[in-house]
Every structure is written in C-alpha cells, then in structure tokens.
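this one's structure only:
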C-alpha cells in the first residue's frame with residue numbers, strides 16, 4: 001500500500017502542448033450593440049387587486065388603483081413624498097425656489113424649474129404648463145363640466161376665479177418660461193402640511209392646440 005501511493009505521487013505529468021489557432025478565413029460575427037433610444041421607450045406592467053376603470057385623471061372620479069396609475073404618469077410635480085411619508089421639494093424638477101412672507105399674512109412660493117424637462121412627445125415642459133394646471137383645474141368652466149375645480153382653493157383670488165367672477169387668478173403668476181409663483185391665502189396659514197399646498201404638476205395644455 002505504501003509503495004503504490006509513492007508511485008502514483010511520483011508519476012510524470014503529461015506535458016501541455018500549445019496549439020496555434022487555425023485560421024479559417026471567416027470574419028467573426030460582430031456583437032450586437034444596443035442603440036441609445038432617441039426618446040422615452042419601453043413598457044411597464046402594473047398589477048393591482050382593484051379593478052381599473054381607465055379613468056386616470058382624478059378630477060372627475062376614479063378609484064385608488066386608477067390614482068396609482070396617475071401618479072406613474074406625472075412625477076414632475078414641485079413637491080414629492082418619500083416612502084416614509086415625508087414631503088419634500090422635488091429636486092429632479094425644481095432648480096431653486098424662494099418663500100416670501102407677505103405683509104397681509106399670505107405666503108408666496110416662487111418656483112424655478114430645471115432645463116431639459118420634457119413631455120413624452122419630446123416637447124419641453126415650461127412654467128406655463130404649471131400655471132395652466134392650476135388655472136384649468138380651478139376654472140369655472142371645468143366646474144360646470146362636473147369636475148372638481150378646487151385645485152387652487154387655498155391661493156389668493158381662487159374664490160372669484162372659480163366662480164367666473166374674475167378672469168384673473170391673483171394668486172398664480174407666470175414670471176418667465178422657467179419661473180412661476182403661487183401665493184397661499186393668509187386664511188389658510190399657518191398650516192402643518194404647508195408644502196403640499198404648493199405641490200403643482202404641469203398640464204400639457206398645448207396638445208389640444210396642436211390637434212386643431
């Protein structure tokens with residue numbers, strides 16, 4: 001037993017011989033390289049235990065599952081919420097903002113959005129879109145259509161504007177293509193959840209104009 005173990009341990013190893021590659025004259029196939037998409041693309045599938053109605057816009061009527069889809073569709077609001085339920089300024093959208101306490105007790109938030117924000121059709125998102133959102137969903141006309149027109153109800157001048165008594169919404173101001181401001185009425189201040197009061201999403205108002 002000792003001898004056989006010794007012989008196995010001392011047996012010479014076969015020498016490895018390097019074999020040069022054989023040239024076939026064929027060109028190796030090129031690897032497929034994915035091209036960078038020119039715009040947003042792809043597909044996402046979302047499951048929910050509640051049946052979806054397909055009415056994504058929440059200003060008429062929809063359920064919680066529909067509202068989940070709506071939240072996936074927007075995401076460019078001035079204010080967002082963490083998974084822990086904390087409200088914060090959406091830094092993906094907002095370049096800077098300024099808060100001004102006015103003499104009458106009202107408070108003005110001035111928002112400047114970042115360059116490069118775009119709709120899914122590639123058109124730019126501007127401050128006009130944010131102003132359009134507040135004015136559309138606060139308007140007398142949208143209320144007569146059966147939708148809620150309370151979007152800007154805590155802003156200065158909402159009551160007159162929502163009733164059709166004024167064409168001007170005093171608490172909403174367009175400053176330039178990147179900057180707009182909203183003013184919270186003093187009767188709604190102070191308020192613990194103040195930041196959500198100035199959470200504004202853009203409204204792609206120009207789609208209807210382009211289709212005409």
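Ah, there it is. Bear in mind the structure is a predicted one, so any value in this text is a computation, not a measurement.

low-scoring stretches of the chain, by residue?
Scanning the chain with the threshold set as pLDDT under 70 gives 1-30, 32, 39-40, 56-63, 67, 69-75, 205-212.

name the SS class of residue 195, please.
helix (DSSP: H, G, I helix; E, B strand; the rest coil).

counting neighbours, what do you get for the nearest residue to it once chain neighbours are set aside?
The spatial neighbour of residue 195 that comes closest, neighbours along the chain excluded (CB to CB, 6 or more residues apart in numbering), is residue 87 at 4.6 Å. Where C-beta positions appear, they are placed from N, C-alpha and C, glycine not excepted. For residue 87, the number of neighbouring residues by other CB atoms under 10 Å comes to 14.

so what's residue 87 bridging to?
The partner list for residue 87 in beta bridges (DSSP bridges) reads residue 81.

surely residue 193 touches residue 86?
No: at 11.2 Å, residue 193 and residue 86 do not qualify as touching, with contact defined as CB atoms under 8 Å.

and the strands in this protein, which stretches?
With DSSP state E as the criterion, the chain has strands at 79-81, 87-89, 94-101, 107-113, 172-174, 179-184.

which one of those is the most hemmed in?
Mean neighbours per residue, mean count of other CB atoms under 10 Å, is largest over the strands of the chain for strand 179-184, with a mean of 22.

who are the packing partners of that one?
On a contact count with 3 or more CB pairs under 8 Å, 6 or more residues apart in numbering; DSSP states H and E, strand 179-184 meets strand 107-113, helix 127-136, strand 172-174.

of these, which is nearest residue 41?
With CB to CB as the criterion, residue 41 lies closest to helix 127-136 of the helices and strands packed on strand 179-184, at 22.4 Å.

what's the angle from the closest one to strand 107-113?
Relative orientation of helix 127-136 versus strand 107-113 (axes from the mean of the first three to the mean of the last three CA atoms, to 10 degrees): 140 degrees.

helices or strands next to helix 127-136 in the packing?
strand 107-113, strand 172-174, strand 179-184.

between strand 179-184 and that helix, find me the angle.
Using the same axes, to 10 degrees: helix 127-136 against strand 179-184 is 30 degrees.

and helix 127-136, how far out from the chain middle?
15 Å (CA atoms, centre = their mean, to the nearest Å).

verify the contact between residue 109 and residue 97 for me.
Yes: under the criterion of CB under 8 Å, residue 109 makes contact with residue 97 at 6.2 Å.

quick one: contacts for residue 157?
Contact analysis of residue 157 by CB atoms under 8 Å, 6 or more residues apart in numbering lists 166, 168, 169, 170, 171, 172.

ditto for residue 95
Contacts of residue 95 (CB under 8 Å, 6+ apart): 112, 113, 114, 115, 178.

mind listing what the last one touches?
It stands for residue 178. 95, 112, 113, 115, 126, 127.

hmm, 7 Å instead?
112, 113, 127 (CB atoms under 7 Å, 6 or more residues apart in numbering).

one more: the second one?
For residue 113, the set of contacting residues under the criterion of CB under 7 Å, 6+ apart consists of 93, 94, 95, 127, 178.

distance to residue 137 for the residues you listed - can I get that in JSON lines?
As requested, these are exported to JSON lines (distance: CB to CB, whole Å):
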{"residue": "93", "distance to residue 137": "19"}
{"residue": "94", "distance to residue 137": "20"}
{"residue": "95", "distance to residue 137": "24"}
{"residue": "127", "distance to residue 137": "17"}
{"residue": "178", "distance to residue 137": "22"}
